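J.: Provided below for reference: sequence and predicted model.
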Amino acid sequence: MPVRTATAADLDDVLALLTVRDRAVLGEVEVRRRYVEHELARAKDCVVAATDSGLAGYASLDAEQSVALAAVDADTADELLEDIEGRARERRLDHVTCVAVPEDTVLWQSLERSGFTRERDIVRMWRSLEGQLESPSWPDGITVRSYTDADGERVQALLDAAYSGWDPDHVELSQEDWLAFMTAHAEFDPALWFLCERNGDLVACALHWRASDAAGWVKDIVVRESERGRGLGQALLLHGFREYRDRGAVRVGLKVDANNPTGAVKLYEKVGFVIDRTYRIWTKQL
């Protein structure tokens, strides 16, 4: 089956393919139009397998070296994965990763055949906003405010420092790519990005997407190592809960690495989050 570089004209067909895949393997649609638009804007790293009747597959390689792939059959999946790996080698990447669920047997088995290694799990968690919500208790000396355009570099630096300290697959993006992915879309709301400072120094942040379908989403939450153990992460979460409920949300979700050594999973469980799905991260050294 011919594989070609995807273009912006493929957007609707790619979304339709990914929507069908999500419903079949997840029972719900996780894909967001803006994610696909963002990837297609970098067309050299997106490919499709096209037939006269439509798309049989789609694959992309993002700036964080993560592969996304959906295909209707095993042969198409293998061809797309081979093409994407070739593009990764052309970029001289040392590895690529892919997130999959066992229910997506086409992708799961293609990763196995292609020599990917099952590395670790990501869990999705939800927290209901019904009932009484606890008020946040901020550590002494901490001030909290919302995000401004001038904060971009400091926020990215805080996130990179936190994730690179324990995540072997973390890739630091350029400021331009990071801002495009994090802020250039309708889900970004600076009023829902909470920054914590001590004497003017950024020490923690919680970045939330705008509530959609009565659900909020915690995109990132990090606390500088020197500030951990003082309740700052918990206060940020509780603050977010109250903000979301004021906006009409009935629940809040997030994804977290199950092996996160900072104690993130225990913190989320402490404030009421419950795991409802597990994803596996696969890695291949190139």
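T.: Sure, I can see it.
J.: quick check on the closest residue to residue 253 other than its chain neighbours: phi, psi?
T.: Leaving aside its sequence neighbours, residue 253 sits nearest to residue 126 (Cβ to Cβ, 6 or more residues apart in numbering; 4.8 Å). No exception for glycine: its C-beta is placed from N, CA and C like everyone else's. Phi and psi for residue 126, reported as degrees, to the nearest 10, are phi -130, psi 150.
J.: list the contacts for residue 126?
T.: Residue 126 makes contact with 251-253, 273-274, 276 under the criterion Cβ atoms under 8 Å, 6 or more residues apart in numbering.
J.: what's the distance between it and residue 249?
T.: As for residue 126, its distance to residue 249 is 11 Å (criterion: Cβ to Cβ, to the nearest Å).
J.: picking up where we left off before, which of the contacts of residue 126 sit farthest apart?
T.: Greatest spacing in the contacts of residue 126, by Cβ to Cβ: 252 and 276 (12.7 Å).
J.: between the two, which one's more packed in?
T.: Comparing residue 252 with residue 276 by other Cβ atoms under 10 Å, the one with more neighbours is residue 252, at 25 against 10.
J.: off-centre distance for the helix or strand the more buried one falls within?
T.: In this structure, residue 252 sits in strand 251-257 according to DSSP states H and E. Mean-position distance between strand 251-257 and its chain equals 10 Å (Cα atoms, centre = their mean, to the nearest Å).
J.: show me what the mean pLDDT comes to for that strand.
T.: Strand 251-257 shows a mean pLDDT of 97 in the predicted model.
J.: hmm, who's touching it?
T.: 120-129, 167, 214-219, 221, 240-241, 244, 264-265, 268, 273, 279, 281.
J.: mind jotting down where the helices sit in this protein?
T.: In the chain, the segments counted as helices under DSSP state H are 11-26, 33-40, 74-90, 105-113, 152-164, 175-183, 232-246, 264-270.
J.: pick out the shakiest of these, pLDDT-wise.
T.: Across the helices of the chain, helix 33-40 has the smallest mean pLDDT, namely a mean of 88.
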